[in-house]
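1. Let's see this in three dimensions:
(4 chains)
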Amino acid sequence: MEDIKETFYHTVAPLDFGYNYRVGTYLQRYIDALKDKKILGAKCPQCGKVVVPPRKYCGACNKVREEYVELSQEGTLENYTVGHITLEKGQVNQAESPYIVGMIKLGGADNLLVGKVAGVSPQEVKTGMRLKAVWKDQTEGEYSDLDHFEPV
Amino acid sequence: MEETKIVNGAWELSTFHFPIEGRGLKTMLKNMKDKKLVGFKCPQCGMVYMPGPFYCRKCFIRIDDEAEVSDHGEIMTFTIGYADVRGNPLDEPRIAPVVKLDGCDSWIMGVLEGVKPEDVHVGMRVKVKWAEERTGSLQDMQYFLPE
Amino acid sequence: MDNKVAIVGFNMASALDLETTRERLSFDLTRGLFDDLGIERDDVGTFIICTNDFLDGRTISNVFLDPSVGAYMKDESKVEMDGLNALTYACMRILSGQYETALVATLALTGTQVSPYLHIGYTLDASYDRPIKLLNELSAAALEARSYLAKYGYSEELLDDIALQDLANAARNPNQARRLEGVSKDQIAGSAYLYEPLRELHCYPATDGGCMMLLASEKRAKELCDKPVWIKGIGRSTDNYYLGDRDLSGSISASQAAERAMGMAGIKDPRKELDFAEISSLFAHQEPLLAEAMGLLEPGKAAEAYKSGDTAIDGKLPINPSGGPLGGHPICSSGLMRAAEAVLQLRGEAGKNQVEKADVALAHGQDGVCAQQSVVVVLGT
Amino acid sequence: MRNVGIIGIGYTPVFVSKRKEVNIPEMISEAVDAGFQNTGLTPADIDAMVFGNMHTFEGVNLPHLWAAEHIRSLGKPVMRIATGGTTGMAAFHAGYYHVASGMADVVMVVTYEKHSEGDAQVGLMGIITPEVMTMLAAGIDVTGGSGMGAIGGGSAGGISFQASSYLYHSGAGIEHIDEQAALERRNAAKNPYAHLKDPEATAEKIAQTPLVSWPIRFGHICPTTDGATVCILASEEKAAKLADKVAWVLSVANCASDATTANLIESQITDPAEHLPAIIASKQAYERAGIVDPKKEIDYVEIYNGFAHQTLMYLEKIGMCEVGEAHKLQEAGELEMNGRCPVNASGGVVSTNSIGTSALNRVTEAALQVLGQAGEHQVEKDVHTALAHGWGGLMQYVTITILGDKPKKA
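-> Numbering: from 1, shown residues only, chains lettered A, B, ... in the order given. Prediction:
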């Protein structure tokens, strides 16, 4: 019986191919507002629902969202998970300490924003908590300007 | 319209471990030490492939029979390279033929020396120039020369 | 679709490490299938390959696979989703009348060649979710799991009960990759949290695998095999990408896909008319969630159903008697393997996992984060 | 088999090298919008969708998922097809089979590429990276340095072998490739959806561009383009209700061979210039469409020519002329828009290549000619039947679609 694995090459390709993604017109507005410590949503002219972050099409209504709406910086934690691992390049590693990923309903929005939740322990976090946005001191027009959410 | 911000991403190929078929190539390299070219022959249609895959494209059956191939052959097509893979100009144009070796049905790509670019042509007979010291690598087969 | 296209045969393999290459896996499985059916590659009219470039680590991942599935100088195309979508396309090609037979060829080496989680990573919104780095396949599934548990006030114990049933079924199934003999509830409940409430044994394992399936028209099917299994209905649908826009406690894609498939098959009361279901539940909670969305489980009754054994092999409506994707999930092949497992049951060849009455079955496949897309196929004898 | 027709086409407003303002879904949505606007249809009219592109070129897996809202696919079946350069037409064929099988009545096919966000060289390298790495590990020099196995000695290796072999077998010269590139760039100048346009292009101008790998020059090579294309297909019954004019699909066919650029992992047995798959697929397509003599019965051809020699080469493979005749037709002016065998009035792929759309654009451009809606680049002769061709992979895939101004008789 031939040793099948002996007939193979086991190849690695020490390459990561890079890409440069344009954020597009809607997320650019969102990022610009983050610099001013504001959170923007976009409103559908038909159903009136506001989504955050803003996106061009309301899929349900087949309408272009044209109006940007400033949202409250406070909201309710509707759903969350406590991460015990990290996934970097698809590899599972133990996290240094457990951390919280939340889905937050901001005042004025009709959908949930996925955000990092801090300032509360993983044992004490629960749905229904009121949270507020915490900003970086120096905002730079980056997604990371909105650092995390913490209990009000 | 205005340009918008760029965020970076990557295709993380570095995390892959690829198992690649190697029987044909390993067999070929191993035998080159003795200036021999060895492919594999389909027991049904008689097609000779080098490097030999483990199955026949046409008959769709396993191939396990080795077959020796000549180090002489014929140019099926060729190109003359003026730039490297990154598009930078080469110092000297390089003639790269695709050769069908006698006794083999698959084609092999290589480099042709000893002939001017304007004299190379399809159908030209060529032979392998073997290295004096051979190690069982493709460097053993240095290049093609006109027959 | 009254008995116009049938599954006449398949050949599959799955393991945590198959010790093979893509070419060898596809050749070995296809050759084996041809030998079983006594056919050659000229007997196949058209080939649908189903692989994914990000899993194969290659642009145009079918480039080297055409010859190794027998498609040299043949009609071939590639679907880049779950295998049941490739089955759908093969089915269309036969229904059009252009071809009598079609080979569906699916494979992925997501056990040994690449992390299975990368592939979902690349589906994320490149201009937002990827730079934010909070969502990945596992965190998204965990959010979905909590949403589902919270909806009916289920405890996390339900996840252990589901996983136990699946892993015990998988342990008896020679086609499965993860076979944990004597698996216990404590073992599951004691496995490490990845993202709460999901623990390691609530999640699919990284798996190598492939599945080749031959479909045929009514006429050819009867010539090629004694026990053709008929495709009675197919349904597919798509949900929004954005998790924050979706109700994660249910699945619109699965309910719409199931409604369409059952509509085509003429099934009005799935709980009565279906004999069992093979569902692509990649995480324990997805099994009742998807079953509920497809009308197979009464909403809010999942905890009872799993405790009472209604979903077990000898239950009222067995779900994943094969063990489902918790026993092995070679991406791209996984949904097609659900269909293949259903065929084994319908032919009465499922061995230790055979359900008693097996005449009509449902197979489900999914793509994207939290089953953004679903495909449902109804099969019958 | 049910008759299937093209009832609508939508392009992004421009096909250019860099769309710097929009993200991927926003760009695709422009073509989807155009599809709806041009036909007066709404998403409610669409039963199913087929989506295609080459996703490693942008590093987005299954982009139809992210773009679901933007392509208006919520609640709809969407099938993703990708087969290299043939992706656009392979997706079209999938749309065709959706309708022909009776599984859907109206199908929208969506394709795109946003090359500027990735690197086309990277995308193409990605086809054989593991194989190349294996060859390196086995001591084979693949960088064009020394020894055997250098991939064609240059960047356009595989294609150069094809072009070189084609010139040998046809008797054409490099000047004919120059002229073909010039002819198509001149045509492109009349097409608002083309990328490289040059109304003054001449063979002499093309001949001044540097040689990459004989006989391929820079001037023979396609650009990389950002753009998206949509095509809507319908059953005969639905088409009668939804459209005034229909380009009917008379047949589709495709064929795959082995990878035809020699590397040392997979032996090559197929001549890239003989291109058997093109011969097989076109014969099948003619047979299915009931065409006996394509030279007489096909009025217009769109060839997928990532490289300019391929227009001439494939005209011969698909039987529009005998081997060795294409360059003579070119010399006689017959390939021009006012010629007897007009080809690539759109400017072809050599002028515009957003790769996921490229093979679909061959179909949509052929359809526009059949419909008489090609505007400034409408050819002079009446177009009753047209053929669209695509190639992809490592030169081993071919797709063919034949369109007509009347549905096929049952």
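2. Point out where chain A drops to low pLDDT.
-> A:1-4 (pLDDT under 70).
3. Would you mind listing what in it touches chain D?
-> A:9, A:11-13, A:15, A:17-27, A:55-60, A:62 (Cβ under 8 Å from any Cβ of the partner chain). In short, each C-beta sits where N, CA and C put it, glycine included.
4. and these, which of them are in strands?
-> Taking DSSP state E as the definition of strands, the residues of chain A next to chain D contribute A:9, A:11, A:17-22, A:57-58.
5. Which entries in these are shared with the contacts of chain C?
-> Restricting those to those near chain C - Cβ under 8 Å from any Cβ - leaves A:19, A:21-22.
6. one step back: which of the residues of chain A next to chain D count as buried?
-> Among those, those classed as buried by 16 or more other Cβ atoms under 10 Å in any protein chain shown are A:9, A:11, A:13, A:15, A:17, A:19, A:21-27, A:55-60, A:62.
7. From C:G121, how far out is whichever residue of chain A sits closest to chain C?
-> Residue of chain A nearest chain C, by Cβ to the nearest Cβ: A:G90 (3.0 Å). According to Cβ to Cβ, to the nearest Å, A:G90 stands 6 Å off from C:G121.
8. How about D:E266?
-> Using Cβ to Cβ, D:E266 is found at 29 Å from C:G121.
9. Compare neighbour counts for these two and give me the winner.
-> Remark: of D:E266 and C:G121, D:E266 carries more neighbours, 26 against 22, as counted by other Cβ atoms under 10 Å in any protein chain shown.
10. show me the contacts for the more buried one.
-> Residues in contact with D:E266 (Cβ atoms under 8 Å, 6 or more residues apart in numbering or on different chains) are B:53, C:64, D:131, D:258-259.
11. same check, this time on A:Y30
-> A:39-40, A:52-54.
12. Swap in 7 Å and give it another go.
-> Listed by Cβ atoms under 7 Å, 6 or more residues apart in numbering or on different chains, the contact set of A:Y30 reads A:40, A:53-54.
13. Could you do C:G97 as well?
-> D:M1.
14. And the pLDDT at it?
-> Looking at C:G97, its pLDDT stands at 95.
15. ok, now the one 4 residues further on?
-> On the pLDDT scale, C:T101 is placed at 98.
16. wait, it sits on C:F47?
-> No. C:T101 is not in contact with C:F47 according to Cβ atoms under 7 Å; the separation is 9.9 Å.
17. what residue is smack in the middle of chain C?
-> With distances taken as Cα atoms, centre = their mean, C:G335 lies nearest the centre of chain C, 2.1 Å away.
18. Give the helix, strand or coil label for that one.
-> Following DSSP: H, G, I helix; E, B strand; the rest coil, the label given to C:G335 is helix.
19. Name all residues that make contact with the closest residue to it other than its chain neighbours.
-> Among residues not flanking C:G335 along the chain, C:G365 sits closest, at 2.2 Å (Cβ to Cβ, 6 or more residues apart in numbering or on different chains). By Cβ under 7 Å, 6+ apart, C:G365 lies in contact with C:82-84, C:280, C:334-335, C:338, C:375.
20. D:Y168 now?
-> B:V122.
21. hmm, the helix or strand of chain D with the lowest mean pLDDT touching chain C?
-> Sorting the helices and strands of chain D by mean pLDDT, DSSP states H and E puts helix D:120-125 at the bottom, at a mean of 75. Yes. Using Cβ under 7 Å from any Cβ of the partner chain, helix D:120-125 reaches chain C at D:123-124.
22. wait, does that helix contact chain B?
-> No. Applying Cβ under 7 Å from any Cβ, one finds helix D:120-125 separated from chain B by no less than 7.8 Å.
23. Can you name the next helix or strand after that helix?
-> Using DSSP states H and E, the helix or strand that directly follows helix D:120-125 along the chain is helix D:129-137.
24. Do I have it right that A:Q28 meets B:I6?
-> No. The criterion here is Cβ under 7 Å, and A:Q28 misses it with B:I6 at 10.7 Å.
25. quick one, which of the two is more surrounded?
-> Per other Cβ under 10 Å, whichever of A:Q28 and B:I6 has more neighbours is A:Q28, with 21 against 13.
26. what sits against that one?
-> A:Q28 neighbours (Cβ under 7 Å, 6+ apart): B:4-5.
27. quick one, phi/psi of C:F47?
-> With angles defined as degrees, to the nearest 10, C:F47 sits at phi -120, psi 130.
28. More neighbours: which of C:T101 and C:F47?
-> Higher neighbour count among C:T101 and C:F47: C:F47, with 29 against 22, using other Cβ under 10 Å.
29. Quick check: bridge partners of the more buried one?
-> C:F47 forms beta bridges with C:E76, C:L103, as assigned by DSSP bridges.
30. which residues touch it?
-> Neighbour list for C:F47: C:69, C:71, C:74-76, C:103, C:105 [criterion: Cβ under 7 Å, 6+ apart].
31. in the stretch 251-400 of chain D, which segments are predicted with low confidence?
-> Those would be D:260-265, if you go by pLDDT under 70 across the stretch 251-400 of chain D.
32. For it, which residue gets nearest to chain C?
-> Closest point on the stretch 251-400 of chain D to chain C, by Cβ to the nearest Cβ, is D:A256, at 4.2 Å.
33. Kindly state the beta-bridge partners for that residue.
-> The partner residues for D:A256, given DSSP bridges, come to C:K74, D:Y397.
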